[in-house]
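Asker: only the shape, not the letters, is given here:
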């Protein structure tokens, strides 16, 4: 499962976290943080995880704009 979390720093600037969790083991595979996380960043993160842990048959996510990105859908379809 993957999800974005957003909060603000003490100075009021936005910071985002991309959390990817293995639902079977409940192990957090990665937390990527940044002021902005693009679809390319998400693709790079997934590619890194697939290289380390192998491919998955299913990815669970919310229907937020990051996850309905055409770039991510196209990359996952390949």
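Answerer: Cool, got the structure. Not measured: the values here are computed from a predicted model.

Asker: neighbouring contacts of the lowest-mean-pLDDT helix or strand in the chain?
Answerer: One helix or strand of the chain scores below all others by mean pLDDT, DSSP states H and E: helix 70-77, with a mean of 81. Around helix 70-77, the neighbours that count as contacts under C-beta atoms under 8 Å, 6 or more residues apart in numbering are 39-40, 42-43, 46, 59, 66. All C-beta atoms are positioned from the backbone trio N, CA, C, and that covers glycine.

Asker: kindly report the same for stretch 28-43.
Answerer: 2, 4, 13-22, 45, 48-49, 53, 66, 69, 71-72, 75.

Asker: of those, buried ones?
Answerer: Buried subset of the contacts of stretch 28-43 (neighbour count, 16 or more other C-beta atoms under 10 Å): 2, 4, 16, 18, 20-21, 45, 49, 66, 69, 72, 75.

Asker: quick one: least confident of those?
Answerer: Model confidence across these bottoms out at residue 66, which has 60.

Asker: and residue 35, its phi and psi?
Answerer: Residue 35 adopts backbone torsions of phi -70, psi -30, taken as degrees, to the nearest 10.
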